[in-house]
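J.: predicted model and sequence below, questions to follow.
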Amino acid sequence: MTESQSLIQARALSATAQQGTIFGPLDLTVEAGDLVIVHGARGSGKSALLLALAGRFRPLSGSLYINGIDAIADPYAAIVHSSVARLGNYVAPEDRLTISESIAERAYLDGISIAAAEDRANDIEQLLGYCVDRNVEIEQLDPLTRVVVSAGLAMLRPTSVVVIDDVDMVVPHSRQFEMFECLARLTELDGCAIITSAIDADTAPAGSIRIRLGHKAVPYVAAIHDTPVDIETVDADPDSPDDPDADQPVDETIITRTTSQHGS
Ligand SMILES: Nc1ncnc2c1ncn2[C@@H]1O[C@H](COP(=O)(O)OP(=O)(O)OP(=O)(O)O)[C@@H](O)[C@H]1O
């Protein structure tokens, strides 16, 4: 059953629909503490790839291990090790619930006690160094806090892989570096990995893995890079608006890792 200690190990992973390739093929290795940013144009397959890396997309070609479990042969065993914080229009915290109510709802859905969920919420707040008023409704939160709370709710049940789609949808560009830093810090809670999607990844913090998908969900020749790799060192300075992948071909899947240390 166990192929490696990596949280995710994908080889030649791809998904295809009648219309053509949705994403891939790609090789990817994700370790504990990794923040991954899947980016690309609308329709490039970001949501589908996030679903796949959470063990919730079928059919897939290639191989995919989540926490050492073969997610293609045994998806129900694999999804126990992953959690979805936000996915397209299908999964998202309910706007009109308060934080307290959201914690209780997520506890119920994840089969843990409310007391255990509240303890975890306290641990998360301690890790991040700030508290959120539990009586505030989700829709009243500022956009950055809303993304971080979404991730936190998905981590009330200890998990290895958290996916959170469209993180840049509501958070202004000027705060995206801070948002990614918060998400990177959250990975320290259990040594999990957080996999996000965004249109751009120019605010990716140092140490994160960027996966740029080709622009079209149609057949294309993908450049496959075995990761983690240091294809290039990227200036993760939040003041630098340049997309480090901007000069790369747009029809390829490109995986890069910034400098080797988080936050360095
Ligand atoms: N299960 C599926 N079966 C068939 N086609 C699919 C499936 N999932 C996604 N697709 C198609 O794959 C393409 C990529 O969709 P996806 O939603 O993953 O892209 P995206 O990059 O997340 O887009 P957006 O930025 O708009 O959220 C779309 O054309 C979509 O219709």
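T.: Now that the structure is in, tell me what you want to look at.

J.: count the neighbours of Leu156 for me.
T.: Using other C-beta atoms under 10 Å, Leu156 has 24 other residues around it. Every residue, glycine included, has its C-beta placed from N, CA and C.

J.: quick one: it and Ile37, what's the gap?
T.: Using C-beta to C-beta, to the nearest Å, Leu156 is found at 23 Å from Ile37.

J.: what's the answer for Arg134, then?
T.: 29 Å.

J.: out of these two, which sits in the busier spot?
T.: Using other C-beta under 10 Å as the criterion, Arg134 and Ile37 rank with Ile37 on top: 27 against 14.

J.: for that one, what is the enclosing helix or strand?
T.: Using DSSP states H and E, Ile37 sits in strand 35-39.

J.: cool, and Thr256?
T.: Judged by DSSP H and E, Thr256 forms part of strand 254-257.

J.: next: Ala117.
T.: Ala117 belongs to helix 114-128, assigned by DSSP H and E.

J.: residues in contact with that helix?
T.: 99, 103-104, 106-107, 110, 131-132, 148, 152, 155-158, 182, 185-186, 188-189 (C-beta atoms under 8 Å, 6 or more residues apart in numbering).

J.: quick one: buried ones out of those residues?
T.: The neighbour count (16 or more other C-beta atoms under 10 Å) marks 99, 103, 106-107, 110, 132, 148, 152, 155-157, 182, 185-186, 189 as buried among the contacts of helix 114-128.

J.: going by distance to the ligand, which of those wins?
T.: Val148 (20.3 Å; C-beta to the nearest ligand atom).

J.: quick one, grab the pLDDT at the closest one.
T.: On pLDDT, Val148 comes in at 95.

J.: same thing with Ala15?
T.: For Ala15, the predicted pLDDT is 94.

J.: surely it meets Ala52?
T.: Yes. Taking C-beta atoms under 8 Å as the definition, Ala15 is a contact partner of Ala52 at 6.2 Å.

J.: so which strand or helix has the residue nearest to the spatial centre of the chain?
T.: Taking C-alpha atoms, centre = their mean, the centroid of the chain lies closest to Ile195, which sits 1.5 Å from it. Element membership for Ile195 (DSSP H and E) is strand 193-198.

J.: so which elements touch the helix or strand following that strand?
T.: Where DSSP H and E defines the elements, the next helix or strand beyond strand 193-198 is strand 209-212. Contacts defined by 3 or more C-beta pairs under 8 Å, 6 or more residues apart in numbering; DSSP states H and E place strand 209-212 against strand 20-30, strand 35-39, strand 254-257.

J.: would you format those strands as CSV with distance to Asp142 and mean pLDDT included?
T.: Converted to CSV, the helices and strands packed on strand 209-212 look like this (distance: least, C-beta to C-beta, whole Å; pLDDT from 0 to 100):
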stretch, distance to Asp142, mean pLDDT
strand 20-30, 29, 92
strand 35-39, 21, 95
strand 254-257, 30, 80
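
J.: which one of these lies nearest to the ligand?
T.: Closest approach to the ligand among the helices and strands packed on strand 209-212 (C-beta to the nearest ligand atom): strand 20-30, 4.1 Å.

J.: what helices and strands are in contact with that closest one?
T.: Using 3+ C-beta pairs under 8 Å, 6+ apart, strand 20-30 sits against strand 8-17, helix 46-53, strand 61-66, strand 209-212, strand 254-257.

J.: anything in that strand sitting right up against the ligand?
T.: Yes. Under the criterion of C-beta under 6 Å from any ligand atom, strand 20-30 makes contact with the ligand via Ile22.

J.: so that strand versus strand 61-66, what angle?
T.: Relative orientation of strand 20-30 and strand 61-66, computed by axes from the mean of the first three to the mean of the last three C-alpha atoms, to 10 degrees: 40 degrees.

J.: describe which strands strand 20-30 pairs with in its sheet and in which direction.
T.: Partners of strand 20-30 in the sheet, by DSSP bridges, are strand 8-17 (antiparallel).
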